[in-house]
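> My questions concern the predicted model and sequence given below.
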Amino acid sequence: MALPMTASAQIKVGVTVSATGPAASLGIPERNTVALLPKEIGGESIQYIVLDDATDTTQAVKNIRKFTADDGVDVVLGTSVTPASLAMSDVAAETGTPMVSVAANAKLVEPVDGVRKWVFKTPQNDGLMARALADAMVKQNIKTLGFIGFSDAYGDGWLQEMTKAADAKGIKVVSDERWARPDTSVTGQVLKLLASKPDGILIAGSGTPVALPQRELVSRGYKGQIYQTHGAANNDVLRVCGKDCEGMILPAGPLLVADQLPDSNPVKKSALVYQAAYDAKYGAGTMNTFGGHMWDAGQLINSAIPVALKTGAKPGTPEFRSALRDALEQVKDLAASQGIFNMSPTDHAGLDERGRVIVKVVDGKWTFQPEL
C-alpha cells in the first residue's frame, strides 16, 4: 500500500522495503523510519511513496518499475536485502534514477561502473566488517573458521570477503555450508560444520533467520566462538534467539551501542540524534539499527538535493535525476547514524573504520567490546 505523506510534493521519493517475509525484522524499522525523514529539503516539499516488496525480488522490481514509470520519482530508497537490491539496480540504470540501497553487499556498488553508477548504499561493506571480525578472531586465538551463510548473494559476498580477511590473518576457513532464508531446519549443515572442528563459526545471514543456525549450534553443544555479521545486529534476533545468543560476537554500526561509546567517538552524537527521534515516535528502546540505514539514506538525499537544485534542473525531469546522482557522489563528511559518509566517483558506500564497532551479547544485551 502506498503511503503518500505530502499531497502536493515537488520531489518524489520511492521507498521499497521488505516489511513482510523473511526480512521483515529489517524492513519494518526501515519503513517506520521514513516517517522521520525531512518533509522539506532545499525549499521543496518531499513526497515519500512507500511500498512493501515482501522480501521478494520480483516484487521489488515491480515496485521500482512502478516508481519510475507511474509515479515519476526522482530517487529510490531501498530495498532491505541484497538479491532484490541487485535486481533493482538494472531498472535504476535503465531509467536513469538514482537509488540508495539499504542492503549491505559490496557488489551493489563495486566497482562503480555500468549500472552501479546509479546505485549508492548506506550499510557498511562486507569487507569492512569482515576485516573487523578477522582482527577480533586473532585476539581470540582463532586458527580455523567454519562458515554457514545464506544461499544467495549475501552469503556469497560474505564468504568471499571473510575468506580474504581470514587468509590475511593466517586463519583458515575449513567448511562452507548454506541455508535459505525461509528454511526451518539446518541440522544437516550444522552437523557438517561440527565435523570440521573449527575454532570459531561465522553465521552470515540477516534478520531473524540467523537465529536458526545459532540455536542449532548451541543445542548441539558447540563450544567454540560463534560470530555473526552486522546483518544480525537486530533486537528481534535477540528476542527470537533468547539465551542461545549469549556470547555471540559481531561487527556492527556504532548506532547499535551508541550510548555506550565514549564521547570522543565521531559518530556518537549523530547516532544518538536518530535514536532519540525513533524512540520518541515509537517508544523508548525501540530503535533498530536497520532503521538507521534508512535514516542515513534520508540524510544522503537531504545533503544532495539542495546541490542538485542549484543546477537549475527541475524535479521530475531526467536532468534533475542526473544532477541528484552527481550530487550524491559529492557528499563529504556527512555524520549519520552509522558512520561518516564520504562518497566519490569510485566509492558509492562512503564509510570507513569509523562506521564499525565490535559487540558481544552479554546478559542478553548488546555490549560494546573496545578490546576486540
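Received it, and whenever you're ready, just let me know what you need.
> quick one: the most centrally placed residue in the chain and residue 85, what's the gap?
Residue closest to the average C-alpha location in the chain (C-alpha atoms, centre = their mean): residue 123, at 3.8 Å. Using C-beta to C-beta, to the nearest Å, residue 123 is found at 10 Å from residue 85. (Glycine included, C-beta is placed from N, CA and C.)
> so what sits against both of those two?
Here residue 123 and residue 85 share the contacting residues 102-103, scored by C-beta atoms under 8 Å, 6 or more residues apart in numbering.
> In this protein, what helix or strand scores lowest on average pLDDT?
helix 235-241 (a mean of 94; mean pLDDT, DSSP states H and E).
> Against which helices or strands is that helix packed?
helix 211-219 (3 or more C-beta pairs under 8 Å, 6 or more residues apart in numbering; DSSP states H and E).
> if you set the cut-off to 10 Å instead, what comes out?
Contacts defined by 3 or more C-beta pairs under 10 Å, 6 or more residues apart in numbering; DSSP states H and E place helix 235-241 against helix 24-34, helix 211-219, strand 357-362, strand 365-368.
> so what secondary structure elements neighbour the next helix or strand after that helix?
Next along the chain after helix 235-241, taking DSSP states H and E as the criterion, comes strand 249-252. Applying 3+ C-beta pairs under 10 Å, 6+ apart, we find strand 249-252 packed against helix 126-139, strand 200-204, strand 225-228, strand 357-362, strand 365-368.
> Averaged pLDDT, stretch 46-65. What do you get?
Per-residue pLDDT over stretch 46-65 has a mean of 98.
> First-to-last residue distance for it?
20 Å (C-alpha to C-alpha, to the nearest Å).
> now residue 152: how far from residue 82?
7 Å.
> Of the two, which one has the most company?
Taking other C-beta atoms under 10 Å, residue 152 and residue 82 do not tie; residue 82 has more neighbours (29 against 19).
> give the contact list for that one.
Neighbouring residues of residue 82 by C-beta atoms under 10 Å, 6 or more residues apart in numbering: 57, 101, 103-108, 121, 123, 126, 150, 152-158, 206, 231.
> rerun at 8 Å
103-105, 107-108, 152-154, 157.
> pLDDT score for the spatially closest residue to it that is not a sequence neighbour?
Spatial nearest neighbour of residue 82, chain neighbours left out: residue 105 (4.0 Å); criterion: C-beta to C-beta, 6 or more residues apart in numbering. In this model, residue 105 is scored at 91, pLDDT.
> tally of neighbours for residue 105?
Neighbour number of residue 105 under other C-beta under 10 Å is 26.
> Assess the claim that it and residue 89 are in contact.
No. Judged on C-beta atoms under 8 Å, residue 105 makes no contact with residue 89 at a distance of 11.0 Å.
> Show me what counts as buried in stretch 154-164.
For stretch 154-164, a neighbour-count test (16 or more other C-beta atoms under 10 Å) marks 154-163 as buried.
> any idea which of those is closest to residue 298?
Nearest to residue 298 out of the buried residues of stretch 154-164 is residue 154 (C-beta to C-beta; 23.4 Å).
> For stretch 29-45, output the C-alpha coordinates as PDB.
Provided in PDB are the C-alpha atoms of stretch 29-45 (Å, rounded to 0.1, in the frame of the first residue of the first chain):
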ATOM      1  CA  PRO A  29      12.000  -0.400  11.200                       C
ATOM      2  CA  GLU A  30      13.100   0.900   7.800                       C
ATOM      3  CA  ARG A  31       9.500   1.600   6.900                       C
ATOM      4  CA  ASN A  32       8.900   3.200  10.300                       C
ATOM      5  CA  THR A  33      11.900   5.500   9.800                       C
ATOM      6  CA  VAL A  34      10.500   7.000   6.600                       C
ATOM      7  CA  ALA A  35       8.100   9.000   8.800                       C
ATOM      8  CA  LEU A  36      11.100  10.600  10.500                       C
ATOM      9  CA  LEU A  37      12.700  11.800   7.200                       C
ATOM     10  CA  PRO A  38      12.600  15.500   6.100                       C
ATOM     11  CA  LYS A  39       9.300  16.700   4.700                       C
ATOM     12  CA  GLU A  40      11.100  19.700   3.000                       C
ATOM     13  CA  ILE A  41      14.500  19.900   1.500                       C
ATOM     14  CA  GLY A  42      16.100  22.900  -0.200                       C
ATOM     15  CA  GLY A  43      12.800  24.800  -0.100                       C
ATOM     16  CA  GLU A  44      10.900  21.900  -1.900                       C
ATOM     17  CA  SER A  45       8.400  19.600  -0.300                       C
END
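> Show me the contact partners of that stretch.
3, 5-6, 8-11, 15, 17, 19, 46, 48, 50, 52, 77-78, 80, 102, 274, 277-278, 281-282, 287-288, 290-295, 298, 301-302, 305-306, 309, 315.
> So for it, what gets flagged as buried?
Taking 16+ other C-beta under 10 Å as the criterion, stretch 29-45 shows 29-34, 36-37, 41-42, 45 as buried.
> In these, find the pair that's most separated.
Pairwise distances across the buried residues of stretch 29-45 (C-beta to C-beta) peak at 26.8 Å, for the pair 29 and 42.
> Contact partners for the residue nearest to the centre of the chain?
Contacts of residue 123 by C-beta under 8 Å, 6+ apart are 102-104, 230, 253, 293, 338.
> Give me the distance between the residue with the largest distance to the centre of the chain and residue 12.
Distance from the C-alpha centroid of the chain, by C-alpha atoms, centre = their mean, peaks at residue 312 (33.0 Å). Distance from residue 312 to residue 12, counting by C-beta to C-beta: 19 Å.
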